[in-house]
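Asker: Sequence plus the predicted model coming up.
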Amino acid sequence: MLFAVFMTLAMSFSMAFTMTAIMTGFTSGFFERFLGGFVIGFVVGVPTSLLVIPIVRRIVDKMTVEET
């Protein structure tokens, strides 16, 4: 669970920053728009990560299991 929270924190921060910079540029109010996007991304991202990470782990495990 902690992994999902920290991963979501990093991804939400980087994506919100990048998308805000691309869509609006570094203009007046950038920080407020960035923070708004970051908070929304984090709130949506944490439950999504908690649901998706176990599924992806199972898929990757099945794809990478070595047969003995």
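Answerer: Great, that's in hand. Numbering: from 1, shown residues only.
Asker: Counting residues, name the longest helix you see in this protein.
Answerer: helix 30-64 (DSSP state H).
Asker: helices or strands next to that helix in the packing?
Answerer: helix 2-24 (3 or more Cβ pairs under 8 Å, 6 or more residues apart in numbering; DSSP states H and E). Any C-beta I mention is one placed from the backbone N, CA and C, and that applies to glycine too.
Asker: Which residues are in contact with the closest residue to V5 other than its chain neighbours?
Answerer: Among residues not flanking V5 along the chain, V46 sits closest, at 6.0 Å (Cβ to Cβ, 6 or more residues apart in numbering). V46 is in contact with A4, V5, T8, counting by Cβ atoms under 8 Å, 6 or more residues apart in numbering.
Asker: what do you get for M7?
Answerer: So M7 contacts S49, I53 (Cβ under 8 Å, 6+ apart).
Asker: State the distance from it to T48.
Answerer: 11 Å (Cβ to Cβ, to the nearest Å).
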